[in-house]
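Undergrad: structural data only, the sequence is not supplied:
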């Protein structure tokens, strides 16, 4: 059964938002590979994307989300997994880049999400009252 245009837009919007969450989790896990809470968020977001991608018939997105779920479930230290998932970074980074936004704490630079250190710099240079 084909989805109506309205439902397709809803699923695309959800997948875009969840892609931001996946990218944010991957970036955070690259810095702190043993963060179990972030790992759980990553798997849950990717699992939801799998379902949305299935409805949208986006095989590439579904496969990338499936790979993340399979690879990061029951993993304690994700350092090796992060290195293996350069393609996932690209896939979710493209979705986020095309949407023009990045997860909280990151900013878009040349189509990629990078840590946003501006708020840290501003707080250090702001005169105290």
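TA: Structure received. This structure is a prediction, so every number in the text was calculated from the model and none was measured. Residues are numbered from 1 along each chain as shown.

Undergrad: quick one: residue 67 from residue 10, how far?
TA: 25 Å (CB to CB, to the nearest Å). Yep, even glycine has a C-beta here, placed from its N, CA and C like the rest.

Undergrad: more crowded one of these two?
TA: residue 67 (17 against 14; other CB atoms under 10 Å).

Undergrad: secondary structure element for the more buried one?
TA: helix 59-72 (DSSP states H and E).

Undergrad: quick one: list the elements packing against that helix.
TA: helix 5-31, helix 36-56, helix 79-84, helix 86-99 (3 or more CB pairs under 8 Å, 6 or more residues apart in numbering; DSSP states H and E).

Undergrad: now these in JSON lines, please, with extra columns for mean pLDDT and distance to residue 109.
TA: Compiled in JSON lines, those are given as follows (pLDDT from 0 to 100; distance: least, CB to CB, whole Å):
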{"stretch": "helix 5-31", "mean pLDDT": "83", "distance to residue 109": "13"}
{"stretch": "helix 36-56", "mean pLDDT": "90", "distance to residue 109": "22"}
{"stretch": "helix 79-84", "mean pLDDT": "70", "distance to residue 109": "20"}
{"stretch": "helix 86-99", "mean pLDDT": "62", "distance to residue 109": "10"}
